[in-house]
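> Sequence below, structure please.
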Amino acid sequence: MAFKLSKFSLERIQENVAQRRGEALLSELSDLHPADIAEVIDQLELEEARYVYEMLEPELAAEVLVELPEDLRDSLLENYTGKEIAEELIEQLDSDDAADVIAELPEDLKEEVLANIEDAEHLSDITDLLTYDENTAGGIMAKELVKVNVGSMLLHCVRELRAHADDIEHIYVINVVDDHDKFVGTIPLKELVIRSLRTPVKDVYDPDAITVRADTDKEEVSRMMEKYNLTVLPVVDARGRLLGRITIDDVVDVIREEETEDVQRMAGMEALDYSYSNSSLWEMVKKRAGWLIVLFIGESFTATAMGFFEGQIEKAVVLALFIPLIISSGGNTGSQASTLIIRALALGDVAVSEWWRIFKRELSVGLMLGVALGIFGFLRVAVYSQFSTAYGPHWELIAFAVGFSLLGVVVWGNLMGSLFPLLLKRLGLDPAVSSAPFVATVVDVTGLLIYFTIASLLLVGVIL
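Numbers count the residues shown, from 1 in each chain. This is a model prediction of the structure:
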């Protein structure tokens, strides 16, 4: 039975590692899940991590390997030959995990590993998986599964289960194929318990079972499994032949990776290749600097926009006091809208084809938010003017300029934030790159144009 890693057991393990107490260390590790052992190794210095990893039995070491961050995994495998990787690790893994590990190896080492896999069927499965794009259903599926012919009986299902019990970790359904290996349906395991084993498979299987093509994007796979509450999803080729299966644990990893990438891109940076803790300083700078420079250049146009209204600002310096208020309100509104739409697109809640409905909805939302903020802006100037002469004798006009500008900027920011992700999606780009900082930068520049245009129209002949 595996126990959850605790703070105290982690401290004991780290002490045993530091003192090189091998027997005590193995005793501590034997009670842990492979994922917890991977967590322990990830928190150690590289030499200590190697010491712990090399003490593990091959089967456990293989399970721990797939749980490790990619960069640490590569570092630990540096001391292994291709033959050792093949015999001690790859032979212990399911085809999908084995393919993931091999795909990350240097090309020469990859060839050496493949050449030393003795199990011909395992080698064939891995080689087949390596041909698929890693971002598709084929790239995350496993070849190991249980299948029976539609013309057989349930007794044959039991025999197949027993035959593959040691090869497949989790079995959720029996896959049913025809004489040409085309997928026709699935049989839930409970049917083997409640029905006679002499029952024909054709009388039991579910012909409406959902499948996915091998070239389907893995994000779409995760949405399908979430939508239909699936624990396993059969993968077929263009002709409907059964290729493999995707299980829920694989999809959880996909969801986590995709959400992490989207959040990082929405923050105005490139997605990290590794986790935060395992990314180097240079990697962090490289991934963040590019977008910061782009945003800096974008914000520089704010100064350019203000230059067009230099005359108005000289005549009415009071207008400059409200610039931060105006542009931040538009930027914040745009950031909110872009975040909502990007997430809705990721969940499949909205589609690009619904742009007109989204436009009308966000126009209404923007108007209501703009009116609310416009009223607050007007009252801010009006109330303050009762106790100060900072806004001069024409404070009413300034208050209206601020109020109407807030209305215009908020509506514009809301429309920009909601429609720009749709445009990127339509162009085949990732909507997440229309991050909150990017939208805010665009709205900042245009917000100034809206503000000074409205102020010019209201104050012409009075202050300006």
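> For stretch 91-106, list the C-alpha coordinates in PDB.
Provided in PDB are the C-alpha atoms of stretch 91-106 (Å, rounded to 0.1, in the frame of the first residue of the first chain):
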ATOM      1  CA  GLU A  91      10.700  -2.700 -21.400                       C
ATOM      2  CA  GLN A  92       8.900  -1.900 -18.100                       C
ATOM      3  CA  LEU A  93       6.700   0.900 -19.500                       C
ATOM      4  CA  ASP A  94       3.400   1.000 -21.400                       C
ATOM      5  CA  SER A  95       3.800   2.000 -25.100                       C
ATOM      6  CA  ASP A  96       2.600   5.600 -24.700                       C
ATOM      7  CA  ASP A  97       4.900   6.300 -21.800                       C
ATOM      8  CA  ALA A  98       7.800   4.600 -23.500                       C
ATOM      9  CA  ALA A  99       7.300   6.600 -26.700                       C
ATOM     10  CA  ASP A 100       7.200   9.800 -24.700                       C
ATOM     11  CA  VAL A 101      10.500   9.000 -23.000                       C
ATOM     12  CA  ILE A 102      12.200   8.000 -26.300                       C
ATOM     13  CA  ALA A 103      10.900  11.000 -28.200                       C
ATOM     14  CA  GLU A 104      12.800  13.300 -25.900                       C
ATOM     15  CA  LEU A 105      16.200  11.500 -26.300                       C
ATOM     16  CA  PRO A 106      18.900  12.800 -28.600                       C
END
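> Sort out which residues of it are buried, please.
91-102, 105 (16 or more other Cβ atoms under 10 Å). The C-beta positions use only the backbone N, C-alpha and C, and glycine is treated the same way.
> Can you name the two of those residues that sit furthest apart?
Greatest spatial distance among those (Cβ to Cβ): 94 and 105, at 17.4 Å.
> Just the mean pLDDT for stretch 54-61, thanks.
Average pLDDT, stretch 54-61: 88.
> how about low-confidence regions in the stretch 351-464 of the chain?
433-436, 460-464 (pLDDT under 70).
> go with 90
351, 381, 384-398, 420-421, 423-449, 451-464 (pLDDT under 90).
> Same check on the stretch 151-300 of the chain?
Residues of the stretch 151-300 of the chain that meet the cut-off, pLDDT under 90, sit at 163-171, 193, 219-220, 222-223, 226-227, 248-300.
> Break down it into its strands, ranges please.
Along the stretch 151-300 of the chain, counting by DSSP state E, counting those that start in this stretch, strands occupy 173-177, 183-188, 212-213, 232-236, 242-247.
> right, so of those strands, which gets closest to residue 397?
strand 212-213 (62.5 Å).
> what lines up beside that closest one in the sheet?
Based on DSSP bridges, the pairing partners of strand 212-213 within the sheet are strand 232-236 (parallel).
> mind saving the C-alpha coords of the partner strand as PDB?
Output of strand 232-236 as PDB, limited to C-alpha atoms (Å, rounded to 0.1, in the frame of the first residue of the first chain):
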ATOM      1  CA  VAL A 232     -11.300   5.800 -21.800                       C
ATOM      2  CA  LEU A 233     -11.600   6.800 -25.500                       C
ATOM      3  CA  PRO A 234     -10.800   4.400 -28.400                       C
ATOM      4  CA  VAL A 235      -8.600   5.900 -31.200                       C
ATOM      5  CA  VAL A 236      -9.300   4.900 -34.800                       C
END
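> And the contacts of that strand?
If you take Cβ atoms under 8 Å, 6 or more residues apart in numbering as the criterion, strand 232-236 is touched by 137-138, 141, 145, 172-173, 175, 182-183, 186, 209-214, 221, 224-225, 242-248.
> hang on, the earlier thing: I'd like the strands of the stretch 151-300 of the chain as CSV, with mean neighbour count appended.
Below are these laid out as CSV (neighbours: other Cβ atoms under 10 Å):
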stretch, mean neighbour count
strand 173-177, 23
strand 183-188, 20
strand 212-213, 20
strand 232-236, 23
strand 242-247, 24
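> could you dump those strands to JSON lines with distance to residue 205?
What follows is those, written out as JSON lines (distance: least, Cβ to Cβ, whole Å):
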{"stretch": "strand 173-177", "distance to residue 205": "4"}
{"stretch": "strand 183-188", "distance to residue 205": "4"}
{"stretch": "strand 212-213", "distance to residue 205": "18"}
{"stretch": "strand 232-236", "distance to residue 205": "12"}
{"stretch": "strand 242-247", "distance to residue 205": "13"}
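> Out of the buried residues of stretch 91-106, name the ones that lie in helices.
95, 96, 97, 98, 99, 100, 101, 102 (DSSP state H).
> Can you give the domain ranges for the protein?
By the assignment in automatic domain parsing, the chain contains the domains 7-132, 147-247, 281-459.
> With respect to residue 259, which of those lies nearest?
domain 281-459 (7.9 Å).
> about what we covered before: out of the strands of the stretch 151-300 of the chain, which comes closest to residue 418?
Per Cβ to Cβ, nearest to residue 418 of the strands of the stretch 151-300 of the chain: strand 212-213, 30.6 Å.
> Residues touching that closest one, excluding its own?
137, 220, 221, 224, 233, 234, 235, 236, 237, 238, 246.
> Pull the distance from that strand to the chain's centre.
Here strand 212-213 is found 21 Å from its chain centre; the criterion is Cα atoms, centre = their mean, to the nearest Å.
> what does stretch 131-142 give?
Here stretch 131-142 is found 17 Å from its chain centre; the criterion is Cα atoms, centre = their mean.
> Quick one: residues in contact with that stretch.
Counting by Cβ under 8 Å, 6+ apart, 94-97, 103, 129, 212-218, 221, 233, 235, 243-247, 250-251, 254 sit against stretch 131-142.
> 7 Å instead, please
Identification of contacts with stretch 131-142 by Cβ atoms under 7 Å, 6 or more residues apart in numbering yields 94-96, 103, 212-218, 221, 235, 243-246, 250, 254.
> any idea how far residue 429 lies from residue 115?
Plainly put, residue 429 is 41 Å away from residue 115 if you go by Cβ to Cβ, to the nearest Å.
> re earlier: reformat the domains of the chain as CSV; add distance to residue 265.
Formatted as CSV, the domains of the chain follow (distance: least, Cβ to Cβ, whole Å):
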stretch, distance to residue 265
domain 7-132, 19
domain 147-247, 14
domain 281-459, 4
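> Minimum distance to residue 261: which of the ones you listed has it?
Comparing the domains of the chain by Cβ to Cβ, domain 281-459 comes nearest, at 7.2 Å.
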